[in-house]
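Undergrad: Got a sequence here, can you build the structure:
(2 chains)
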Protein chains: 2
Amino acid sequence: MVNSIEEKVLSEIDNLDDLYKGAHNIRSNGKAISRTSSKTITISNKQDKAGINVVVSPDTKNESVHVPVIISNSDITDTVYNTFDIGENSDVTIVAGCGIHNCTAQKTEHVGIHDLFVRKGSKVKYVEKHYAESEGESRKVFHTKTIIEVEENGTLEMELVQIKGVDDSKKDLEVNLHKNAHLIITERIFTELNQEAKSNLIVNLIGEDASAQTISRTVAKGESKQTFNFMINGKNKSRGHIECDSIIMDKAVVTSVPALCASCEDAELIHEAAIGKIASDQIMKLMSLGLTEEEAQETILQGFLK
Amino acid sequence: MVNSIEEKVLSEIDNLDDLYKGAHNIRSNGKAISRTSSKTITISNKQDKAGINVVVSPDTKNESVHVPVIISNSDITDTVYNTFDIGENSDVTIVAGCGIHNCTAQKTEHVGIHDLFVRKGSKVKYVEKHYAESEGESRKVFHTKTIIEVEENGTLEMELVQIKGVDDSKKDLEVNLHKNAHLIITERIFTELNQEAKSNLIVNLIGEDASAQTISRTVAKGESKQTFNFMINGKNKSRGHIECDSIIMDKAVVTSVPALCASCEDAELIHEAAIGKIASDQIMKLMSLGLTEEEAQETILQGFLK
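TA: Numbers count the residues shown, from 1 in each chain, chains lettered A, B, ... in the order given. Okay, here's the model as predicted:
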């Protein structure tokens, strides 16, 4: 069912062994080409629009669900609506990678609109990797919009990675954290050439003792542009921490706007951001070990984005 | 010329000895009531609108110019346009305080629109204190808009203080820093009751080796609201650092949005912001020394805003 191009793209955005072991739905060029539900994880088509409902039964532990999307060689905008409902007291991993392979098409676009419910006491790890490749000139575009509720005592850990080749990405993420709910986001973005990446994040600390921590590390090369708008709203006794670090090279432009809004005297909000170039002493050191300047740069960037 | 109410308000926003020693222009209820130019500092009326031109000759050292504005007991909006032109290689202090005394009027508003030119190699200290008092119910409003050019090798140090009693303040500040020009801003804001304070700052690091450092410390009590939008644009090899610390109490709301935009790979931009309440261990410690809780709070806030 999965051809060789699809398999190559899949391997960039997911681990193939894990994918076929767990519950999964592979969407290629707008159609499900492989799907397996498990005893506790049910995947079904949405009735009213393109996309799936993923329902995880309460108390499901150490399982994973994989919902990769692939687009290859087509001049399309693939819009998909996915809903994830993770039952109470579960502990699961969601891998929602998206890959575009585009040789000939002029523009290929993936629009993903997601709802995620982390029910009471559940722990969810959500991994989203974006990757695109092409041999010719073509525009590979990703737009995602994700709205998330983390209920009482729930924890959500998000790993958001834009690996390579994405010309235009826009990410809108809104997370509502209820009583004693916790959010940890790790974001990595790499852009080069004339690529553009926008990331908008709103975190609402609604419940008592909610907490959010966001660490964003990005590298902008060439003439690429990155824009970050992060907002943490402290509406209750809660803690929020945003950290953005960007390395800028060549003629790239990075704009980082992490906003804090406290409307409760027991909200503690902190952010730190830094934009700068690679430390020249680090490059010197690696070059003294025999690396070329380019190799030294590459090594430092890899370490930074790890 | 200066009555007792005016003198009291003046003493809150300036040092009276220094004021009368240096070149000065005291504006009260829309009119200049006292003015002195010096050999090297000329103060003259603008021909086309309300306000003054302050011209400092090149090489003026260790002099100061005081341009306080007072409004007392009047239902007016006093709009004033001031231009400061500080000649090359000078070293001067500008004190631009503004005080409102309002017993009976419904709304008293001061709108100050300023241009400041710090010419090549000059060093300027600019002190702006905002203060308001009233015995009755009345609204005391300050709006200031200041556009500043700091030329090659110039340095500008700004001390911006909103002491007390201001119901509604809006500050727009835009600073353009040219080659090797430096900016240091220290801001202190205190709000209580239902007061509102907005501070918008744009710093453009235009020239090579320009640098900007902003330290903002604020306290929001009662149901007051504070909003900060700070933007540093790194357009050349330059350094920028924004630091915002806010203490939030009661039902106050603080929004802090310090933005960084780097469009040059040699721009190094950093910001840090924190919103939180007074550390309870500090209060405990002072209470163990015999202070009441209120006295302890007051002592900590005074230290924080110093």
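
Undergrad: What number of residues are in the vicinity of the closest residue to A:Glu196 other than its chain neighbours?
TA: Nearest residue to A:Glu196 in three dimensions, chain neighbours excluded: A:Lys225, at 4.7 Å (Cβ to Cβ, 6 or more residues apart in numbering or on different chains). The C-beta positions use only the backbone N, C-alpha and C, and glycine is treated the same way. Counted with other Cβ atoms under 10 Å in any protein chain shown, residues neighbouring A:Lys225 total 19.

Undergrad: give the contact list for A:Lys225.
TA: A:Lys225 makes contacts with A:Thr191, A:Gln195, A:Glu196, A:Ala197, A:Ala252, A:Val253, A:Val254, A:Thr255, as judged by Cβ atoms under 8 Å, 6 or more residues apart in numbering or on different chains.

Undergrad: which residue ranges form the strands in the stretch 101-250 of chain A?
TA: A:107-118, A:123-133, A:139-150, A:155-164, A:168-177, A:182-191, A:196-205, A:210-220, A:225-234, A:238-248 (DSSP state E, counting those that start in this stretch).

Undergrad: Could you measure from A:Gly154 over to A:Ile148?
TA: To A:Ile148, A:Gly154 is 10 Å away according to Cβ to Cβ, to the nearest Å.

Undergrad: Mutual contacts of those two, please.
TA: A:Val118.

Undergrad: From chain B, how far out is A:Thr93?
TA: From A:Thr93 across to chain B, the span is 33 Å (Cβ to the nearest Cβ, to the nearest Å).

Undergrad: so that residue sits in a helix?
TA: No: according to DSSP: H, G, I helix; E, B strand; the rest coil, A:Thr93 belongs to no helix; its state is strand.

Undergrad: rewinding a little: columns mean pLDDT on top of the strands of the stretch 101-250 of chain A, output as a markdown table?
TA: Formatted as a markdown table, the strands of the stretch 101-250 of chain A follow (pLDDT from 0 to 100):
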| stretch | mean pLDDT |
| --- | --- |
| strand A:107-118 | 92 |
| strand A:123-133 | 93 |
| strand A:139-150 | 93 |
| strand A:155-164 | 92 |
| strand A:168-177 | 96 |
| strand A:182-191 | 95 |
| strand A:196-205 | 96 |
| strand A:210-220 | 94 |
| strand A:225-234 | 94 |
| strand A:238-248 | 92 |
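
Undergrad: Turn these into a markdown table, including distance to A:Gly290.
TA: Output for the strands of the stretch 101-250 of chain A, formatted as a markdown table (distance: least, Cβ to Cβ, whole Å):
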| stretch | distance to A:Gly290 |
| --- | --- |
| strand A:107-118 | 41 |
| strand A:123-133 | 31 |
| strand A:139-150 | 36 |
| strand A:155-164 | 27 |
| strand A:168-177 | 36 |
| strand A:182-191 | 25 |
| strand A:196-205 | 34 |
| strand A:210-220 | 24 |
| strand A:225-234 | 32 |
| strand A:238-248 | 23 |
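
Undergrad: give the contact list for the nearest residue to A:Leu183 once chain neighbours are set aside.
TA: Spatial nearest neighbour of A:Leu183, excluding adjacent residues (Cβ to Cβ, 6+ apart): A:Ala212 at 4.3 Å. Counting by Cβ under 8 Å, 6+ apart, A:Ala212 touches A:175, A:177, A:182-185, A:203, A:205, A:232, A:238-241.

Undergrad: do you know how far A:Ala212 is from chain B?
TA: Going from A:Ala212 to chain B by Cβ to the nearest Cβ gives 14 Å.

Undergrad: what bridges to that residue?
TA: With DSSP bridges as the criterion, A:Ala212 is bridged to A:Leu183, A:Gly240.

Undergrad: Next: A:Lys123.
TA: On the basis of DSSP bridges, A:Lys123 is bridged to A:Asp91, A:Thr155.

Undergrad: And it, how far from chain B?
TA: Distance, A:Lys123 to chain B, by Cβ to the nearest Cβ: 28 Å.

Undergrad: What count of nearby residues applies to that residue?
TA: A:Lys123 is flanked by 18 other residues according to other Cβ under 10 Å.

Undergrad: same question, A:Gly154
TA: Around A:Gly154 there are 28 other residues, counting by other Cβ under 10 Å.

Undergrad: contacting residues for it?
TA: A:Val118, A:Arg119, A:Lys120, A:Gly121, A:Ser122, A:Lys123, A:Val124, A:His178, A:Ala181, A:His182.

Undergrad: Which one (most neighbours) among the residues you listed?
TA: Highest neighbour count within the contacts of A:Gly154: A:Val118, with 31 neighbours (other Cβ under 10 Å).

Undergrad: Quick one: check the longest helix belonging to chain A for contact with chain B.
TA: Taking DSSP state H as the criterion, chain A has its longest helix at helix A:293-305. No: using Cβ under 8 Å from any Cβ of the partner chain, we find that helix A:293-305 stays clear of chain B, coming within 11.8 Å at best.

Undergrad: got the angle between that helix and strand A:238-248?
TA: 170 degrees (axes from the mean of the first three to the mean of the last three Cα atoms, to 10 degrees).

Undergrad: For chain A, what lies in contact range of chain B?
TA: Counting by Cβ under 8 Å from any Cβ, the residues of chain A close to chain B are A:234, A:246, A:248-277.

Undergrad: Kindly give a single ChimeraX line that selects the buried subset of those residues.
TA: A single ChimeraX command selects the buried members of these (16 or more other Cβ atoms under 10 Å in any protein chain shown):
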select /A:234,246,248,249,252,253,254,255,256,257,258,259,260,261,262,263,264,265,267,268,269,270,271,272,273,274,275,276,277
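
Undergrad: who's in contact with the closest residue to A:Leu177 other than its chain neighbours?
TA: Leaving out its chain neighbours, the residue that sits closest to A:Leu177 by Cβ to Cβ, 6+ apart is A:Ala210, at 3.9 Å. Counting by Cβ under 8 Å, 6+ apart, A:Ala210 touches A:Leu177, A:His178, A:Lys179, A:Asn180, A:Ala181, A:His182, A:Asn236, A:Ser238, A:Arg239.

Undergrad: burial of A:Val80, as a residue count?
TA: 20.

Undergrad: Can you read off the backbone torsions of it?
TA: The phi and psi torsions at A:Val80 (degrees, to the nearest 10) take the values phi -130, psi 140.

Undergrad: And what about A:Glu12, helix, strand or coil?
TA: Under three-state DSSP, A:Glu12 comes out as helix.

Undergrad: so it makes contact with A:Lys129?
TA: Yes: between A:Glu12 and A:Lys129 a contact is recorded at 7.4 Å, counting by Cβ atoms under 8 Å.

Undergrad: tell me the contacts of A:Ile184?
TA: By Cβ under 8 Å, 6+ apart, A:Ile184 lies in contact with A:Thr155, A:Leu156, A:Glu157, A:Met158, A:Ala212, A:Gln213, A:Thr214.

Undergrad: Please list only the buried members of the residues you listed.
TA: Buried among these by 16+ other Cβ under 10 Å: A:Thr155, A:Leu156, A:Glu157, A:Met158, A:Ala212, A:Gln213, A:Thr214.

Undergrad: Please enumerate residues in contact with stretch A:34-54?
TA: Applying Cβ under 8 Å, 6+ apart, the set of residues contacting stretch A:34-54 from outside is A:1-2, A:20, A:22-26, A:30, A:32, A:55-57, A:60, A:63, A:65, A:67, A:79-85, A:92, A:94, A:113.

Undergrad: if we go to 6 Å?
TA: The contact list for stretch A:34-54, computed with Cβ atoms under 6 Å, 6 or more residues apart in numbering or on different chains, reads A:1, A:23-26, A:55-57, A:60, A:65, A:80-84.
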